[in-house]
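In: turn this into a structure:
(4 chains)
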2 protein chains.
Amino acid sequence: MTPDALAGALSSDLERIVGLFRSLSPASGLSMTAAATLASLERLGPQRLTLLAAREGVTQPAMTQLISRLEDSGLVRRGASQEDGRVVLVAITDEGRATLARRRAGRTERLAGILAQLGPDHRAALASALPALDALASIPRDDDLVRTPAR
Amino acid sequence: MTPDALAGALSSDLERIVGLFRSLSPASGLSMTAAATLASLERLGPQRLTLLAAREGVTQPAMTQLISRLEDSGLVRRGASQEDGRVVLVAITDEGRATLARRRAGRTERLAGILAQLGPDHRAALASALPALDALASIPRDDDLVRTPAR
DNA sequence: ATATTTATATCATGTGCTTATGTAAATTGG
DNA sequence: CCAATTTACATAAGCACATGATATAAATAT
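Out: Predicted coordinates:
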């Protein structure tokens, strides 16, 4: 299979799978961007506001506001950087982690129900595709490359 | 692998893949819901407003407004039902199909660029996972079951 | 030391969602 | 059948969340 054909097929499947994902996600009071940002913070550790904005594909003012809301809700914490007095390092709190965990538990539970309806063969195929999916999920995004100083 | 473990692993990968998908989708002036609704209309044919709302996980008023906007943009058409004078059957237009196609082309192009960075082994694994992904994408949603008349 | 750049915040505005409610068509029950 | 209820959609008011323009303070460069 050519890379282009693979991209086309994947793109088509992804479109519908994202829809499935959205219908699986419990109404936790978090917007898609909020949930994705929290997940990034949990996975990558404390991050600068600007990096978060680039990573989630929103503008910097939008991220400033989102972080303010998340901070008010107690899900993240603003911290200062020691090297640079301008930067804000955003970190997830225990409460933020707990909220994420609840969200995931709900989604996983519904997904398990759906997988149960699938045939064992399809389940096996999905299980064997996990490393590839993980590779897909782990692909560096543009914004990860932003921090390449020209030396 | 147990179904529950599979659900957990899938759920975790999906969370990050959705983020990738969002960053791949071109800014076509369509919201996520708008794009998903258009895609549903293309795939399933004309649909009632209420069914669309349930399928996309928004309220009925939200769908009424969305359809009005899409109609103003010429991407969908409102039609009447012959059996029931209350229902509105929403259909995608040729322009709507063209818009969807452009969106997909942009996404596919970026995805192809990313896949090229992956190793051939990972590409092969993804290719072999396509049937399973397709099965996952084809799983009926709750709202598809709504139409089960009690006889 | 001044000018420029960078990181974040603030403000004004617009879109898209929600809840509450209205209207007309279909269905139900006496 | 006709009044009451239900169903499908529309409308309205308000809030969440995004954008673009701009301000401020810290760091860097000339």
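In: so which bits of chain A are right by DNA strand D?
Out: Counting by Cβ under 7 Å from any atom of the strand, the residues of chain A close to DNA strand D are A:30-34, A:57-59, A:61-62, A:65-66, A:69, A:83-86. Placement of C-beta: from N, CA and C, glycine included.
In: make it 6 Å
Out: For chain A, the residues in contact with DNA strand D (Cβ under 6 Å from any atom of the strand) are A:31, A:33-34, A:58-59, A:61-62, A:65-66, A:69, A:84-86.
In: farthest pair in these?
Out: A:31 and A:85 (30.5 Å; Cβ to Cβ).
In: more neighbours, these two?
Out: residue A:31 (11 against 7; other Cβ atoms under 10 Å in any protein chain shown).
In: apart from its chain neighbours, what residue comes closest to that one?
Out: residue A:66 (8.0 Å; Cβ to Cβ, 6 or more residues apart in numbering or on different chains).
In: buried stuff in the helix or strand containing that neighbour?
Out: Remark: residue A:66 resides in helix A:60-72, with elements defined by DSSP states H and E. Across helix A:60-72, burial judged by 16 or more other Cβ atoms under 10 Å in any protein chain shown covers A:63, A:66-67, A:70.
In: kindly report the same for stretch A:40-50.
Out: Here stretch A:40-50 shows A:40-41, A:47-49 as buried, counting by 16+ other Cβ under 10 Å.
In: and which of those residues is nearest to residue A:139?
Out: Set against residue A:139, the nearest of the buried residues of stretch A:40-50 by Cβ to Cβ is residue A:40 (14.4 Å).
In: quick check: next helix or strand after the helix or strand hosting that closest one?
Out: Using DSSP H and E, residue A:40 sits within helix A:32-44. Next helix or strand after helix A:32-44 toward the C-terminus (DSSP H and E): strand A:47-48.
In: just checking that next one against DNA strand C, any contact.
Out: Yes - among the residues of strand A:47-48, residue A:48 lie within reach of DNA strand C under Cβ under 6 Å from any atom of the strand.
In: now for that strand, which elements pack on it?
Out: Strand A:47-48 sits against strand A:88-92, with contacts defined as 3 or more Cβ pairs under 8 Å, 6 or more residues apart in numbering or on different chains; DSSP states H and E.
In: the strand it packs on: partners in the sheet, and parallel or antiparallel?
Out: Partner strands for strand A:88-92, per DSSP bridges, with pairing direction: strand A:47-48 (antiparallel), strand A:76-80 (antiparallel).
In: just the mean pLDDT for the first one, thanks.
Out: Looking back up the chat, that one is strand A:47-48. Averaging pLDDT along strand A:47-48 gives 95.
In: going by neighbour count, list what's buried in the helix or strand following that strand.
Out: Scanning forward in sequence from strand A:47-48 by DSSP H and E, the next helix or strand is helix A:49-56. Using 16+ other Cβ under 10 Å as the test for burial, helix A:49-56 gives A:49, A:51-56.
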